[in-house]
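Student: Please find the sequence and the predicted model below.
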Amino acid sequence: MTDAATRARELQRQALVIDGHSDILIPVTDGKMRLGDRVVVPDPLGWKPLFTSTHGMNEVFGFPQHALTYGPMGQYDIPKLVDGGVTVQICAIYIEDGQLDWSLKRGLEMTWALHQAVAENPNFELVTTAADIRRIKREGKIGTILSFEGFEPLGSDLRLLDLYYKLGLRVASLTHVRRTPFADGCYAADQPGGLTELGKQAVKRMNELGIVIDLVHIGWPAFWEVIGLTTAPVILSHSTSTQFPDESGAAGPLGSVPRPYLDPKRDRAVLEAITKTDGVLGIIWFYQRDVDAVIRDIETALELMGPDHVGLGSDLYGLELAPPGLEDISKVPVITQRLVERGHADETILKFLGGNYLRVFEQVWK
């Protein structure tokens, strides 16, 4: 009988590992780093900022200055993805508050930055089909999937969704925290609205094109409208099945609502709704207290949703906001070993590490 470490290494070697969310395209597009380089940022302890950031994230989430300065730098790069045994990293286009007046241009810049990283790194590929993922795993390469965290890159022109699809877009959320011409995000208003008529058309078009709908951060009314309209599985790419560990947490139990709005009955219904679409909940690492909290989240989701509907959704953004032991994406094997030690079946662990996302991609992508 092999010990837990040996079994975990073998599972990690076998697994198609897919992580549901990273904002690493922000510093890559800003020219602060290259994805092919192993990036090291200063330790937050003792670090002093040269200036005070007015980054839009601070207004909503109250991020510390180190996180505002470096974001996910030092937490995602190709060498760390290799170290973590990651097969595919989903990379999001996110438009910050100060970029809304030129969101169309910024979205294309971020898309170009990802394509450029692919061109610069022979072992790094843009994934557009499920077959790509299986091939990349066989060849020992790393893949990336382009996603939207909010439809701001389209402005109000849904025709551009087809253009982004041709550029590689395969996963998309209609909103982040703000209001868009398509729907209300979770912080759009005290009483957020649902889908606009354009938003309903967007859901239909995503189903037609074969773009996976990501419901993270969307307001509750729009969440339920999408669930009622979609003909394909949906995901919550970076969320949590339990509450964040303290009152400073940035969001509620699904990473999409302020803490005062928590409603356990509703939250259980949300997880059940995702399951009924045959979708996936990606468990977030960001803002968790420690590795045990992340494992607790995974096991809660497995209990509520079953082994076919839970995956990775790290969303690391700042070393100070990462759980000790899961500081960057190279730490995926830590989770694998913990799940082995806690007695989870090999099949369950392989599904969690990426098999469940792959199933959704195979169902949705054309």
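Tutor: Perfect, thanks for sending it.

Student: Only C-alpha atoms from now on, for both contacts and neighbour counts.
Tutor: Fine.

Student: Surely Glu299 forms part of a helix?
Tutor: Yes: secondary structure of Glu299 (DSSP: H, G, I helix; E, B strand; the rest coil): part of a helix.

Student: how about Ile298, what does it touch?
Tutor: 241, 283, 310 (CA atoms under 8 Å, 6 or more residues apart in numbering).

Student: My read is that the last one contacts Phe352, right?
Tutor: Same thing as Val310. Yes: assessed by CA atoms under 8 Å, Val310 is found in contact with Phe352 at 5.5 Å.

Student: Compare the two (neighbour count), which wins?
Tutor: It is Val310, of Val310 and Phe352, that has more neighbours when counted by other CA atoms under 10 Å, with 33 against 28.

Student: ok, what's across the strand from that one?
Tutor: With DSSP bridges as the criterion, Val310 is bridged to Leu281.

Student: Look up how far Phe361 lies from it.
Tutor: 14 Å (CA to CA, to the nearest Å).

Student: go on, Asp214?
Tutor: From Asp214 over to Phe361 the distance is 12 Å, taken as CA to CA.

Student: Looking at these two, which one has more neighbours?
Tutor: Neighbours were tallied for Asp214 and for Phe361 using other CA under 10 Å; the higher tally belongs to Asp214 (27 against 23).

Student: Quick check: the more buried one vs Glu125, distance?
Tutor: Asp214 is 22 Å from Glu125, by CA to CA.

Student: Kindly report the same for Gly185.
Tutor: For Gly185, the distance to Glu125 - CA to CA - is 31 Å.

Student: Compare the two (neighbour count), which wins?
Tutor: Gly185 (30 against 21).

Student: For the more buried one, name its beta-bridge partners.
Tutor: Beta-bridge partners of Gly185, as defined by DSSP bridges: Ile218.

Student: Which residues are in contact with it?
Tutor: Applying CA under 8 Å, 6+ apart to Gly185 gives the contacts 175-179, 192, 217-219.

Student: possible to save those as a markdown table with neighbour count?
Tutor: What follows is the contacts of Gly185, written out as a markdown table (neighbours: other CA atoms under 10 Å):
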| residue | neighbour count |
| --- | --- |
| Thr175 | 28 |
| His176 | 27 |
| Val177 | 20 |
| Arg178 | 19 |
| Arg179 | 22 |
| Pro192 | 19 |
| His217 | 28 |
| Ile218 | 32 |
| Gly219 | 28 |
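
Student: which one among those gets closest to Gly20?
Tutor: Using CA to CA, His217 is the member of these that lies nearest Gly20, at 14.0 Å.

Student: Need phi/psi at Val234.
Tutor: phi -120, psi 160 (degrees, to the nearest 10).

Student: Phe63: neighbouring residues, count only.
Tutor: Per other CA under 10 Å, the neighbour tally for Phe63 reads 20.

Student: Please report the distance of Leu319 from Thr277.
Tutor: Separation of Leu319 from Thr277 (CA to CA): 34 Å.

Student: Looking at those two now, which is surrounded by more residues?
Tutor: Between Leu319 and Thr277, counted using other CA under 10 Å, the more crowded position is Leu319 (25 against 18).

Student: Name the SS class of the closest residue in space to the more buried one that isn't next to it in sequence, please.
Tutor: Spatial nearest neighbour of Leu319, chain neighbours left out: Glu327 (6.2 Å); criterion: CA to CA, 6 or more residues apart in numbering. Per three-state DSSP, the local secondary structure of Glu327 is coil.

Student: again with the one 4 residues further on
Tutor: Three-state call for Lys331 (three-state DSSP): helix.

Student: For it, list the residues it contacts.
Tutor: 83-84, 325.

Student: sorry, back to before: format the contacts of Gly185 as a markdown table; extra columns: distance to Ile335 and pLDDT.
Tutor: Listed next are the contacts of Gly185 as a markdown table, based on distance: CA to CA, whole Å; pLDDT from 0 to 100:
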| residue | distance to Ile335 | pLDDT |
| --- | --- | --- |
| Thr175 | 30 | 93 |
| His176 | 28 | 90 |
| Val177 | 29 | 85 |
| Arg178 | 33 | 90 |
| Arg179 | 35 | 92 |
| Pro192 | 36 | 83 |
| His217 | 25 | 90 |
| Ile218 | 28 | 91 |
| Gly219 | 30 | 89 |
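
Student: Thr230: what's it in contact with?
Tutor: Counted by CA under 8 Å, 6+ apart, Thr230 has contacts 203-204, 207.

Student: Closest one of the residues you listed to Ala8?
Tutor: Of all the contacts of Thr230, Ala8 sits closest to Asn207, with 36.6 Å by CA to CA.

Student: distance of Pro49 from Val17?
Tutor: 36 Å.

Student: how about the strands in the stretch 151-300 of the chain?
Tutor: With DSSP state E, counting those that start in this stretch, the ranges of strands along the stretch 151-300 of the chain come out as 169-173, 212-214, 234-239, 280-283.

Student: any weak-confidence spans in this structure?
Tutor: Scanning the chain for pLDDT under 70 picks out the ranges 1-2, 51-61, 243-266.

Student: Which one's more surrounded, Pro49 and Val17?
Tutor: Ranked by neighbour count (other CA under 10 Å), Pro49 and Val17 place Val17 first, with 30 against 11.

Student: show me the contacts for the more buried one.
Tutor: Neighbour list for Val17: 85-88, 353-355 [criterion: CA under 8 Å, 6+ apart].

Student: Listing partners with orientation, what would you give for the longest strand along the chain?
Tutor: Taking DSSP state E as the criterion, the chain has its longest strand at strand 142-149. Sheet pairing of strand 142-149 (DSSP bridges) gives strand 88-93 (parallel), strand 124-126 (parallel), strand 169-173 (parallel).
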